[in-house]
Every structure is written in C-alpha cells, then in structure tokens.
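A.B. asks: Turn this into a model:
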Amino acid sequence: LCTFGKGLGFIASAITGKQSVKLMDNPVFASESPSDFWGRRWNMVVHTCLKNGVYKPVRSVGGSAKAAVVASFLASGLLHEWLLPVMCEHGGGDRPTFTHGDQSVFFLWQGALVAAEGLVGRGRLCRALGRVLPAPARSVLVLLLGLPPARFFWSAYRNNGFFVQISVLFPSVVPIDSLPAEA
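C.D. replies: From the prediction side, this is the model:
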C-alpha cells in the first residue's frame with residue numbers, strides 16, 4: 001500500500017498538475033508507537049475519514065478517547081469486512097470465501113493496542129524504554145505488537161486470490177522458461 005499510494009499520488013499529480021495528499025509517512029521504519037503508526041503514518045486518507053466520521057462523533061456524545069479509538073478501529077474492521085468481498089469478486093461464478101469477523105478481530109486488536117498505550121505508555125518503564133531504545137528497535141517493537149492477529153487480516157486476501165489479481169499492476173521479473181509459450 002505504501003508503494004502503490006506513492007505511485008497513485010504521482011500519477012494523480014502528473015495528470016492534474018496539483019500535489020496529492022501524502023498517503024503514508026514511512027510507517028514501517030519510523031513508527032515509535034502503535035498510535036504513531038496508525039495515527040500519523042499509515043493511510044492518512046482513511047485515518048482522516050475515521051477521525052471525522054467516527055472518533056469525533058463518539059467524543060461529541062460524551063464517549064471517552066479510548067472508546068472513540070476502539071470504535072474507529074471497529075469501523076475500519078467493518079469497512080474491510082465489506083470491502084474484501086467486493087474487491088475479490090472473481091466473476092464467472094467463482095465466489096470468494098471469507099470468515100466473517102476476521103478483519104474486525106485484527107482491527108480491534110490494533111485499537112486495543114492504541115487504547116492500552118494511553119494507559120501503559122505513561123508508565124515509567126515505557127518512557128525509559130522510549131529513551132533508551134534506538135528508533136529502529138522501537139519500530140520493530142511496534143510491528144511485533146501488531147503481528148499476533150495478522151493472520152486474521154492476510155488470510156482473506158491470500159485465500160481469495162487478491163494478490164494474483166492485483167499482480168497485473170506490478171511488473172515482475174521471471175525466468176524466461178516460466179513465461180507462457182506463444183501460440
């Protein structure tokens with residue numbers, strides 16, 4: 001998504017002559033915490049939509065910041081639950097199969113991490129680790145915290161041919177003997 005977003009932004013800028021909104025801000029290598037990853041670095045367009053469409057409304061009716069964060073991640077999970085069958089529809093009767101709820105489990109885990117960060121991250125131990133660990137180690141730690149439910153996220157993409165379908169957008173180098181024979 002990082003590379004695709006940059007490419008899409010470049011194409012949009014070339015066509016319109018206007019600068020596109022930054023989609024990503026080096027989330028994998030520069031994130032210092034789960035909230036930094038999701039709130040300032042990963043998919044800023046969706047982040048802005050969720051902030052304005054879920055987070056702020058929950059806060060405006062008296063919901064806590066943590067409840068608004070979890071509600072935003074739940075909304076993201078539900079969006080992915082809806083979006084995946086649409087994206088992976090093969091046509092020709094080849095129906096994709098999904099385990100409903102997997103995307104929501106993944107995103108609720110991420111929401112719980114961000115909410116917990118507000119509680120645990122203020123502790124002395126977390127602040128001390130933040131000062132002692134070099135930035136790359138903090139980024140690896142952030143990624144490792146988010147990985148346990150990753151199979152819930154990726155399995156739907158993998159099992160329904162998404163990567164095969166999208167591979168036409170990305171050129172690849174293959175051995176000559178693996179190319180299809182010309183008719």
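A.B. asks: Mind jotting down where the strands sit in this protein?
C.D. replies: Listed from the start of the chain, the chain has no strands (DSSP state E) to report.
A.B. asks: can you pull out the helices in this structure?
C.D. replies: Using DSSP state H, the helices assigned to the chain run over residues 2-16, 27-30, 34-36, 44-50, 56-60, 65-88, 102-120, 124-132, 135-146, 150-159, 162-166.
A.B. asks: counting contacts, what elements does the shortest one pack onto?
C.D. replies: Using 3 or more Cβ pairs under 8 Å, 6 or more residues apart in numbering; DSSP states H and E as the contact criterion, the secondary-structure elements in contact with helix 34-36 are helix 102-120, helix 135-146. Every C-beta, even on glycine, is put in place using the N, C-alpha and C of the backbone.
A.B. asks: Tell me which residues are up against it.
C.D. replies: Under the contact criterion Cβ atoms under 8 Å, 6 or more residues apart in numbering, helix 34-36 has outside partners 110, 113, 114, 117, 118, 142, 145, 146.
A.B. asks: Return the distance of that helix from the chain's centre.
C.D. replies: Average the C-alpha atoms of helix 34-36, do the same for its chain, and the two points are 12 Å apart (Cα atoms, centre = their mean, to the nearest Å).
A.B. asks: just the fourth one next, same as before
C.D. replies: How far helix 44-50 lies from its chain's middle: 11 Å, per Cα atoms, centre = their mean.
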